[in-house]
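Chemist: Provide a 3D model corresponding to the input given below.
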Amino acid sequence: MKTLKNILVGSLASLIVFASAQAGELTVSGSMEVSKTSLGNQVTGNGIGQENELAITGSTELDNGTTVSYKQTIGDTFGFNDSELVFGTSYGTIGVRSTGGTVEDIDNIVPTAFEEAEALWPSSTGWQDIGSTDGTMGITWANALLNTGMNATVYYTPRAGSGDGIADDGVKGATADDRGDALSVTLRGNPMGIVDGLDVAIGYEKIDTRVTNQQDEESVTAAVNYTYGPLKVGYQMGYVDKGRGTAVSSTGIDWYKNVYAGAAYAVNDALTISYQIADSKRKLSSGSSIKTEAEGFSAAYTMGGMTIAYVNNDADNANYTDGADRSAQQVVLSVAF
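Modeler: Numbering: from 1, shown residues only. Next comes the predicted model:
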């Protein structure tokens with residue numbers, strides 16, 4: 001991991017030495033989403049919600065031919081959320097981002113019209129996704145693998161943490177759970193173009209522990225999606241080894257195993273419907289285990305920059321608690337501008 005770290009850091013530094021930039025472009029886009037949610041037998045207030053986001057994007061080109069792109073999102077309270085600075089070169093793109101490891105980008109890529117089966121609002125299923133570096137500043141590299149049909153991405157951070165990673169002093173990557181370096185690697189594409197419509201993805205993430213006699217945390221996932229005309233089907237598996245008895249899993253959690261399957265169908269250019277199931281099994285160091293099971297139906301109708309969606313999700317043993325069943329129905333109006 002040290003060798004890869006040095007390559008990523010050195011490559012990023014070399015891009016900005018003795019380079020100047022021409023005047024670039026800056027654009028602003030955004031979205032607003034209003035919703036009405038019902039959570040079955042749970043107390044939910046009036047169920048009306050609203051979510052807003054602005055995105056500032058910019059691009060320019062350096063004198064040495066390197067392209068530079070920038071993105072910053074702003075949330076409901078006008079606080080800075082995700083940010084990314086990317087340099088495009090002849091040997092791939094390299095940059096810095098606050099969204100954590102690239103494995104989180106493929107935590108559930110099974111087709112859906114609007115929402116994943118394990119998502120319930122505002123009550124969560126307590127779902128354990130793959131990867132544990134979300135919100136941590138890190139260095140990324142991405143490039144197409146020659147003549148393979150696959151794209152590779154690599155992410156490295158010297159200290160895995162959680163929460164908003166944006167800070168001018170660089171300390172937001174710190175965390176209280178004694179985790180160290182983190183490395184995330186993903187491959188995605190159509191291998192050698194063997195089948196039209198095929199989309200394959202695999203990912204691996206490792207987070208080193210800094211505590212004696214404790215294991216590192218590891219995540220791995222593999223997904224296969226296939227598109228045939230208006231129909232998309234997919235299947236994905238994920239495994240999270242929390243590191244037996246580590247500070248990250250002070251409750252004694254050994255591992256999680258996740259399975260996703262689903263299909264989406266484009267009825268026409270505007271309307272898409274989907275059905276998705278998702279299971280997550282948790283095993284404790286004591287030997288006991290429990291499975292959270294979720295299923296969801298989504299429908300989305302798009303008219304230009306506006307989408308109207310309906311979601312109906314159910315979960316059994318939510319939050320890995322026996323008998324804790326959850327149900328959610330949501331109607332959403334989303335406008336992009």
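Chemist: wait, a helix at residue 319?
Modeler: Yes. Remark: residue 319 belongs to a helix, assigned using DSSP: H, G, I helix; E, B strand; the rest coil.
Chemist: and it, what's its pLDDT?
Modeler: In this prediction, residue 319 carries a pLDDT score of 88.
Chemist: distance of it from residue 27?
Modeler: If you measure residue 319 against residue 27 using C-beta to C-beta, to the nearest Å, the figure is 41 Å. The C-beta positions use only the backbone N, C-alpha and C, and glycine is treated the same way.
Chemist: the more surrounded of these two?
Modeler: Neighbours per residue (other C-beta atoms under 10 Å) separate residue 319 from residue 27, with residue 319 holding more: 15 against 9.
Chemist: residue 252 against residue 283, yeah?
Modeler: No. Assessed by C-beta atoms under 8 Å, residue 252 is found out of contact with residue 283, at 9.9 Å.
Chemist: dump stretch 270-285 to PDB, keeping only the CA atoms.
Modeler: What follows is stretch 270-285, C-alpha atoms only, in PDB (Å, rounded to 0.1, in the frame of the first residue of the first chain):
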ATOM      1  CA  ALA A 270     -40.900   8.700 -20.200                       C
ATOM      2  CA  LEU A 271     -42.100   5.900 -17.800                       C
ATOM      3  CA  THR A 272     -39.900   3.300 -16.100                       C
ATOM      4  CA  ILE A 273     -40.900   0.700 -13.500                       C
ATOM      5  CA  SER A 274     -38.700  -1.600 -11.300                       C
ATOM      6  CA  TYR A 275     -38.700  -4.200  -8.700                       C
ATOM      7  CA  GLN A 276     -35.700  -4.900  -6.400                       C
ATOM      8  CA  ILE A 277     -35.000  -7.300  -3.500                       C
ATOM      9  CA  ALA A 278     -32.000  -6.900  -1.000                       C
ATOM     10  CA  ASP A 279     -30.900  -9.200   1.800                       C
ATOM     11  CA  SER A 280     -28.200  -8.400   4.400                       C
ATOM     12  CA  LYS A 281     -27.000 -11.100   6.900                       C
ATOM     13  CA  ARG A 282     -25.000 -10.100  10.000                       C
ATOM     14  CA  LYS A 283     -22.900 -12.500  12.000                       C
ATOM     15  CA  LEU A 284     -21.700 -11.700  15.500                       C
ATOM     16  CA  SER A 285     -18.500 -13.000  17.200                       C
END
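Chemist: list the buried ones in that stretch?
Modeler: Residues of stretch 270-285 classed as buried: 272, 273, 274, 275, 276, 278, 279, 280, 281, 282, 283 (neighbour count, 16 or more other C-beta atoms under 10 Å).
Chemist: make TSV out of those residues and add secondary structure and pLDDT.
Modeler: Formatted as TSV, the entries for the buried residues of stretch 270-285 read as follows, by DSSP: H, G, I helix; E, B strand; the rest coil; pLDDT from 0 to 100:
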residue	secondary structure	pLDDT
272	strand	98
273	strand	98
274	strand	98
275	strand	98
276	strand	97
278	strand	95
279	strand	95
280	strand	94
281	strand	95
282	strand	93
283	strand	91
